[in-house]
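In: show me how the following folds:
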Amino acid sequence: MRPRTDEILAAVLAAFEADIAPTITDPAAKSASLTMANLLRHVILRLAHEGDALRKDLAELEPLVLQMLQFFRDQTDAPALVATGAQIAQVEVPDSNAAIESKGLTAARDARLGQIDAGLIVLQQERTQLADRAGYHELRDAIRTYLRGQLSREEAWIVPAFVGARR
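Out: Numbers count the residues shown, from 1 in each chain. Sure, this is the predicted structure:
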């Protein structure tokens, strides 16, 4: 369908920067207009990259959640981990291949990130007890690797949008 959403937003941004922003003289309004232009650029870039990034994110999250669940299940003498593992295992997540549209992918990613967050909290709380256990450091490294990848993917639509004039 034409025009696409990104084309509409690009036209809005171009009109805003060419016709509206140059007429603004109030310092606070000028500052707000720079922010608005940056946010429009951010949304345009996000539309271009988000779907692929969400699919890659889910592909990396799935084995990480399974690794976390296995580690938690193996800690039979750590009730907090066993309980958190049981809660994580109950969260239903749509299949990343079936959830093609962005909302479904976002919901799946949010559910998995919630599981990672819950697991991280318990890992942090129990770190003294767990530090010498097999798999603990590997799991923490896997979580860090995932987070670096996530930040790198999201950088594609954040950094370029906010380079240049801003408030």
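
In: relative to the whole chain's centre, how far out is the lowest-mean-pLDDT helix or strand in the chain?
Out: Between all helices and strands in the chain, the lowest mean by mean pLDDT, DSSP states H and E belongs to helix 102-125, at a mean of 79. Taking Cα atoms, centre = their mean, to the nearest Å, one finds helix 102-125 lying 10 Å from the centre of the chain it belongs to.

In: tell me what it is packed against?
Out: helix 27-74, helix 79-90, helix 136-158 (3 or more Cβ pairs under 8 Å, 6 or more residues apart in numbering; DSSP states H and E). Using the backbone N, CA and C atoms, a C-beta is placed for each residue, glycine as well.

In: what mean pLDDT does the helix or strand that that helix is followed by get?
Out: Using DSSP states H and E, the next helix or strand after helix 102-125 towards the C-terminus is helix 127-130. Mean pLDDT, helix 127-130: 89.

In: so which bits of helix 127-130 are buried?
Out: Leu130 (16 or more other Cβ atoms under 10 Å).

In: next: stretch 81-95.
Out: Leu81, Thr84, Gly85, Ile88, Val93.

In: and of the helices and strands packed on helix 102-125, who's closest to Asp110?
Out: Smallest distance to Asp110 across the helices and strands packed on helix 102-125 (Cβ to Cβ): 10.1 Å, for helix 27-74.

In: quick one: that closest one to chain centroid distance?
Out: 4 Å.

In: re earlier: what is the orientation angle of the least confident helix or strand of the chain with helix 27-74?
Out: Here the directions of helix 102-125 and helix 27-74 differ by 60 degrees (axes from the mean of the first three to the mean of the last three Cα atoms, to 10 degrees).
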